[in-house]
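Student: got a structure for you, letters missing:
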Ligand code: BES
Ligand code: MN
Ligand code: MN
């Protein structure tokens, strides 16, 4: 990478030096456009066209009807990584959706960066809420609107383009490995197996991921914490069949009502979760740490305006940044049962259901929390109903160090490209594989995300800023430069 920088800047800097030496003039800050930025500008239309082709493939991992599309996306990613100049590029089969692997080894003494991303996306529903179709990328106000535009196609694609630039303009003093999976949005179970079985192949010095958010385009940040997850489903059964609500109502407990009462009891008046033992292992931050994290720019009024809510909600005694960054939470993701069709049907349903997830913080454990949840729900079930609790996927929380060589390289990259130091932040979302990388490979991750929390991830009208995409590519190239030196 150093060689690349020297190559790229040599004639220009030599000229500047000669002029300033000879004529005794001091350097006036007319910032030269960098070689990297120039390459991006020259190729921006092609970069976008490639990304759009990837976005057009509806690689919804949760929906078996899209199995073929998920594979098509994998093949597309494989071809682009190959084209950018990587070796050993191949599709690695799993029991589920495939993993794309590729690498460029530049020297045994160079540090190795393992780039992780995911080419699968969330389902696009509700479809009628999209202004333009989810798999037809459309640019409005400088943003690409499409499912996966930010999470994570637009973000991991920056890495392939950054790699292309380095291959064209001079090799990085780093080895690069790509591992792009197709099951992140459904829990990464098969990637977990792949990682355990391929420790040698995945040998690296650091994991690099762009799948998180920045504070804003004016204030860069690097994510240093992700929450874990326990995802549960609850089924409440009342009578053995749907009943006439006039004939039986009032005499038989309604499972929908019982489920609502049970769910409502899971938080107390202070917004705290009532499951016994839930907070036992929660890592409480010191006053100084909390003060530091609340220094990050955050506009409560703008936040409320954006969501059109009158007031925020949450655990008493904590700020909004703390509630999403360092505190565990419990949310109902969906609740259903009884008649929800057109018009009215007077029925007392036999069953009611809910999907409930909990976000976890260090040092909570996903399996333990799932067990506490199950035990608690069974214990509060009244004798009028039967309750069944089904655990879905989970994942562990993660925190990444800020004193590592890789973190410092990322910070230097932001300083160089953005002219500002990045602030470390804790994000509310989860990338379960990050904790697994640490456990199985002993590797720390640098979470260099370029999305924004307001990019509508998992929502209708997901989008990603063109600026974020292009400056992200530049920042990634700068990361390699600093990490390789
Ligand atoms: N990229 C997100 C996670 C994320 C988003 C982290 C924003 C930080 C900021 C990822 O694709 C995701 O959605 N993860 C899931 C978990 C997964 C197990 C389904 C999540 O957080 O719900
Ligand atoms: Mn993601
Ligand atoms: Mn996601």
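Tutor: Noted; the coordinates are in hand. In this text, all values refer to a predicted model and were calculated from it rather than measured experimentally. Numbers count the residues shown, from 1 in each chain. Ligands and ions are numbered 1, 2, ... in the order given.
Student: When you work out contacts or count neighbours from here on, use the C-alpha atoms and nothing else.
Tutor: Will do.
Student: out of everything not next to it in sequence, what's closest to the residue nearest the centre of the chain?
Tutor: The residue lying closest to the centre of the chain (Cα atoms, centre = their mean) is residue 211, at 3.9 Å. Sequence neighbours aside, residue 449 is the residue nearest to residue 211 in space, at 5.2 Å (criterion: Cα to Cα, 6 or more residues apart in numbering).
Student: Verify the stated contact: that neighbour with residue 216.
Tutor: No. When contacts are counted by Cα atoms under 8 Å, residue 449 is not listed as touching residue 216 (11.1 Å).
Student: Comparing these two, which residue is more hemmed in?
Tutor: Neighbours per residue, other Cα atoms under 10 Å: of residue 449 and residue 216, the larger number sits with residue 449, 23 against 16.
Student: Contacts only, for the more buried one.
Tutor: Residue 449 makes contact with 155, 209, 210, 211, 212, 213, 214, 222, 223 under the criterion Cα atoms under 8 Å, 6 or more residues apart in numbering.
Student: Can you tell me the SS state at it?
Tutor: Following DSSP: H, G, I helix; E, B strand; the rest coil, residue 449 is assigned to coil.
Student: Ligand 1 versus that one, what's the distance?
Tutor: Using Cα to the nearest ligand atom, to the nearest Å, residue 449 is found at 8 Å from ligand 1.
Student: for residue 258, helix, strand, or coil?
Tutor: At residue 258 the chain is in helix, as set by three-state DSSP.
Student: what about it, neighbour count?
Tutor: Using other Cα under 10 Å: residue 258 sits among 19 other residues.
Student: From the chain's centroid, how far away is stretch 175-184?
Tutor: How far stretch 175-184 lies from its chain's middle: 14 Å, per Cα atoms, centre = their mean, to the nearest Å.
Student: Just list whatever residues bridge to residue 389.
Tutor: With DSSP bridges applied, residue 389 shows beta-bridge pairing to residue 234.
Student: Surely it touches residue 231?
Tutor: No. Using Cα under 8 Å, residue 389 is not in contact with residue 231, being 10.6 Å away.
Student: According to the record, where do the domains of the protein fall?
Tutor: Per the record, the chain has its domains at 46-226+397-484, 230-282+328-394, by automatic domain parsing.
Student: okay, those domains, which one's buried deepest?
Tutor: Most buried of those, by mean neighbour count (mean count of other Cα atoms under 10 Å): domain 46-226+397-484, with a mean of 20.
Student: That domain near ligand 2 at all?
Tutor: Yes. Looking at domain 46-226+397-484 against ligand 2 by Cα under 5 Å from the ion, the contacts come from 151, 152, 211.
Student: contacting residues around the last one?
Tutor: To tie it back to what came earlier, the one meant is residue 211. Per Cα under 8 Å, 6+ apart, neighbours of residue 211: 117, 150, 151, 152, 155, 156, 447, 448, 449, 450, 451.
Student: Which two among those are spaced furthest apart?
Tutor: 150 and 447 (14.5 Å; Cα to Cα).
Student: ok, back up a step: return the distance of the residue nearest to the centre of the chain relative to residue 263.
Tutor: Using Cα to Cα, to the nearest Å, we find residue 211 at a distance of 31 Å from residue 263.
Student: what's the answer for residue 274, then?
Tutor: 10 Å.
Student: just residue 350 next, same as before
Tutor: 18 Å.
Student: One more: residue 52?
Tutor: Counting by Cα to Cα, the gap from residue 52 to residue 263 is 42 Å.
Student: tell me the secondary structure for residue 45?
Tutor: Once three-state DSSP is applied, residue 45 turns out helix.
Student: and the end-to-end length of stretch 110-123?
Tutor: By Cα to Cα, the extent of stretch 110-123 from end to end equals 40 Å.
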